[in-house]
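Peer 1: Only the shape, not the letters, is given here:
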């Protein structure tokens, strides 16, 4: 007979040895990753901000400057967009990466962008942090490939993956030798239709207990709505996250992609000091 | 053809008039509910604490005193337990209600307990707040019955109900004349098995925008694990909740029901001042 | 540590004794329930058909005759509708029950209708089978009340309840002495938005293995679309169900409730002989 | 305001033009794909059988012969296994592909195996059908790569992907010029823990209405238990699927991977004639 009472499944202990590298049993103290002078993890707090997509050189260079002034540490920008439909905007591709690197040179901010295939590694050579998107969290060929580099990897949780699966995907990267993995909660797919995804706040708290790797949160994809971004950022900080990945745009209403979930630079400037205050108390 | 792109469903506006009584369109300013001198909603913050189940007169009277000293405003305690299986502990029933009322008389704390059937209304006459449990959120006969009383109703979100369904269940109560409804997010059922339920933090933020009714959070049932209760409490406060429903026990390990998710009085005493600090900033 | 690998959870055996009355360990051979000459369970196949709601005396009497001619054994018709919003059509109430009983007297077909509260038992005295709706599957006060009658109970699976929870709800009824419980799979709530619910076909097969109680299927609520009703009926029969609950309407487009998922009498007449053929092979 | 009533979302029509190539609007009659003399789609019925993993040359050659004698048309066998953890058996890799091709040469059966990365295309040159696994359904780089070949592609639905997303993933392949796409329903991830996945039977019926591409079903991964495979196969056929992907093993209990969901050759031989009978009626 194969029935299980859901609630009884909770709290079943598992062998800690399952997570050979990512678990606290392997390494008790927090991992701190350094990239271009920016520290991620431990007691540091890192804000990754920027547009969903790089739209032009001017846009990304200009936005990068503003994001820096607002006090963010890393610039994000998508060049290859894993869109559900092939018939919608797919990102600027190679050009997008070049513009992002231009913005990095102008502002000094390290940059992160999503990589979709091992063959793109050469193209990403000046990108500081490689992002594995939610849809590729179990693309094991890609995980192994980035595991062979020595660049930090921002690993987003798949929208229907358990925390255990997330940690095992980190194991795929770490098993190849690269231990610089940043975990990112970005909301999961549930029955609820009044928000884009359901942000799993408890995942932040539980991951902080289970792993030494840095844990950050993406409130933009999880809520899908700019007016919900600020409260979810505060909640994520209160739950213990060590950084935030926030979609920011100058003119959200005219963004080529996901504009409705981006906040403005002004909103960002108001938000960050409050998060700082929160962190001081906690 | 009946396919819908999930992401396109987000942000579809609905007629505000759908929520005749619960929406901000009906009443812009926050509703404040008063019960035995305790204010719930608005800028007030209310902590409802106590054991999952009333286990004996001594237990609940003793715990009530401690809960009061810790600074909580309302005593919770279950007498009728809606357990999945009929073959497990079902609560003390009538006796449990009497003991709870005894504890109220000793400490002066108003009390809340779960009602499971309209026929119990007479028995609950000295219970200050009627709780509708998650499993009964769409038990419309019960909603109508409590809607005919003038007692505050603590309405818990069903573990698989949307926010719209929660608000419509509030409408069932309010349509009968009783507008004293407190909404409670307590976690939803998802694919994730590493926690009892997935606490929907965004629901707190979204409900606060949509409705004037008080919105509180239950971190105990949502996490199912005591060590996750504290970070989720902080997160819920940061997201804007106006109160917390926390399972507390003197000796969690020997509780008759759900002991693994209860926190101790000591943990409660440490937690509350931190939450107070958080609220001052926000 | 509290993580569980989802896939490892599968096939965990549980104590058979959990299901004191509903399991095959209690009673190996199939339970057959008789009501007004109709046999349900075992090798019998029973079609419950009729409109979502009783709309008028003429409508239900007329439809009952047609449903009977089409070869169905039981007439269904809702009088009390558990609608999400209190501001939509709630059914004809008492009058609906009277009309349904009228239709029974004219056609001789036993009738089933949803009961929402123990206080309605007297009103349902001429209703042959008491239906517990999906939203009330864990309304334990109601389960106990119908468990004290000797009428067959049609227990629908809650839209987010596990099979174990369904069987435990059957236990609630059976523990009170009433063993005439019919289980009904009606689709579950998932992330998928292109159909009303996800029909859980495997539940049919698994329930048939676990329990001696009759297992039927409701393809109307699970698909929410008339053009999907016929293939899902066939699939349910192929998986081993012992009956079907089908919403039928004369003019689906003008039904007061859920018309888009009702099939016409003509469609029903075409479908039933095919199902009969299927059953002969299996 | 962003709330949506789930049930209202159903039946929203979408532009048929969304699916440029996969929809019935592009091509009304069923697509029939031919590979090594085997026809897939249209009125044909194709059984793909074999072990989860190729374990040795002897195993796969021997099993291939038996699978052929049982009446199956295509041999399946995994060489690269996308396992959740990097610390478990990952398949035989290159060697597995060679053994599979050996089995093809001995039996004449065309073979299908899962490809995980575009760089493996050369290695798969003698594999007749390229399988895209559930975890890679939105690995768009891989989809584009197989879209540039002219081999049939077996595209499995991701365990949390909507039907619309599945069809858009087919569009990614077809947009590159390769229209030989076979869709496979293999169960989705839900809250239910008594089975490995929830087989979405309605998806079979709905896909058959929406698309001209062949639609097959995988009852092994969806149920995760051999004793549920047979009823789910029958149900899938009754709902209109055009083929089945069945895990078969000589000694399931000693399989290196997923043995508990494999059926034996004897079970397969009993099952196939019954499915044939079913198809004759429908």
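Peer 2: Perfect, I can see it now. The structure displayed is predicted, hence computed values, not measured ones.
Peer 1: Show me the strands in the stretch 51-200 of chain A, by range?
Peer 2: For the stretch 51-200 of chain A, strands defined by DSSP state E, counting those that start in this stretch occupy the ranges A:74-76, A:111-114, A:129-132, A:153-156, A:181-185.
Peer 1: could the ones you listed be laid out in TSV, adding mean pLDDT and distance to residue B:97?
Peer 2: Yep, even glycine has a C-beta here, placed from its N, CA and C like the rest. Putting the strands of the stretch 51-200 of chain A into TSV (pLDDT from 0 to 100; distance: least, CB to CB, whole Å) gives the following:
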stretch	mean pLDDT	distance to residue B:97
strand A:74-76	98	55
strand A:111-114	98	57
strand A:129-132	98	54
strand A:153-156	98	49
strand A:181-185	98	41
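Peer 1: a markdown table please, covering the ones you listed and showing distance to chain B and mean neighbour count.
Peer 2: Below are these laid out as a markdown table (distance: least, CB to the nearest CB, whole Å; neighbours: other CB atoms under 10 Å in any protein chain shown):
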| stretch | distance to chain B | mean neighbour count |
| --- | --- | --- |
| strand A:74-76 | 20 | 27 |
| strand A:111-114 | 17 | 26 |
| strand A:129-132 | 19 | 24 |
| strand A:153-156 | 16 | 26 |
| strand A:181-185 | 11 | 27 |
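Peer 1: closest to chain C out of these?
Peer 2: strand A:181-185 (13.6 Å; CB to the nearest CB).
Peer 1: now whatever helix or strand comes next after the closest one and helix B:201-210, what's the angle there?
Peer 2: Later in the chain than strand A:181-185, the nearest helix or strand by DSSP states H and E is helix A:201-210. Here helix A:201-210 points in a direction 150 degrees away from that of helix B:201-210 (axes from the mean of the first three to the mean of the last three CA atoms, to 10 degrees).
Peer 1: Out of the strands of the stretch 51-200 of chain A, which is closest to residue D:73?
Peer 2: strand A:129-132 (37.6 Å; CB to CB).
Peer 1: Residue A:55 is in contact with residue A:92, correct?
Peer 2: Yes. Here residue A:92 reaches residue A:55: they are 7.3 Å apart, a contact under CB atoms under 8 Å.
Peer 1: now for the strands of the stretch 51-200 of chain A, which one comes closest to residue D:131?
Peer 2: The nearest among the strands of the stretch 51-200 of chain A, by CB to CB, is strand A:129-132 at 22.4 Å.
Peer 1: Spell out whether that closest one and chain D are in contact.
Peer 2: No. Contact of strand A:129-132 with chain D (CB under 8 Å from any CB of the partner chain) is absent, the minimum separation being 11.2 Å.
Peer 1: That strand: partners in the sheet, and parallel or antiparallel?
Peer 2: strand A:111-114 (parallel), strand A:153-156 (parallel) (DSSP bridges).
Peer 1: mind checking which helix or strand of chain A has the lowest mean pLDDT?
Peer 2: Ranking every helix and strand in chain A by mean pLDDT, DSSP states H and E puts helix A:6-9 at the bottom, with a mean of 50.
Peer 1: and after it, which helix or strand comes next?
Peer 2: Per DSSP H and E, the first helix or strand lying C-terminal to helix A:6-9 is strand A:33-35.
Peer 1: what's next to that next one, contact-wise?
Peer 2: Identification of contacts with strand A:33-35 by CB atoms under 8 Å, 6 or more residues apart in numbering or on different chains yields A:39, A:40, A:41, A:74, A:110, A:128, A:129, A:152, A:180, A:182, A:214.
Peer 1: So which bits of it are buried?
Peer 2: A:33, A:35 (16 or more other CB atoms under 10 Å in any protein chain shown).
Peer 1: Neighbouring strands of that strand in the sheet, and parallel or not?
Peer 2: strand A:38-40 (antiparallel).
Peer 1: Give me the buried positions along the partner strand.
Peer 2: A:38, A:40.
Peer 1: Stretch A:203-222 near chain D anywhere?
Peer 2: No. Remark: stretch A:203-222 sits outside contact range of chain D, by CB under 8 Å from any CB, the gap being at least 13.8 Å.
Peer 1: For that stretch, what is the distance to the chain centroid?
Peer 2: 9 Å (CA atoms, centre = their mean, to the nearest Å).
Peer 1: Likewise for stretch A:169-176?
Peer 2: Distance, centroid of stretch A:169-176 to centroid of chain: 17 Å (CA atoms, centre = their mean).
Peer 1: What sits closest to residue A:135 if chain neighbours are left out?
Peer 2: Spatial nearest neighbour of residue A:135, chain neighbours left out: residue D:138 (4.0 Å); criterion: CB to CB, 6 or more residues apart in numbering or on different chains.
Peer 1: show me what contacts the one you found?
Peer 2: A:82, A:84, A:135, A:136, D:158, D:161, D:165, D:169.
Peer 1: at 10 Å instead, please
Peer 2: Going by CB atoms under 10 Å, 6 or more residues apart in numbering or on different chains, residue D:138 touches A:82-84, A:133-136, A:139, A:158-159, D:132, D:158, D:161, D:165-166, D:168-169, D:172.
Peer 1: Out of these, which sit inside helices?
Peer 2: Under the assignment DSSP state H, the contacts of residue D:138 contribute D:165, D:166, D:168, D:169, D:172 to helices.
Peer 1: Regarding residue A:216, what is its secondary structure?
Peer 2: strand (DSSP: H, G, I helix; E, B strand; the rest coil).
Peer 1: neighbours around it, how many?
Peer 2: A count of nearby residues for residue A:216, using other CB atoms under 10 Å in any protein chain shown, gives 24.
Peer 1: next one: residue A:126
Peer 2: Around residue A:126 there are 13 residues (other CB under 10 Å).
Peer 1: Closest residue of the stretch 101-250 of chain A to chain D?
Peer 2: For the stretch 101-250 of chain A, CB to the nearest CB, closest residue to chain D: residue A:160, 3.2 Å.
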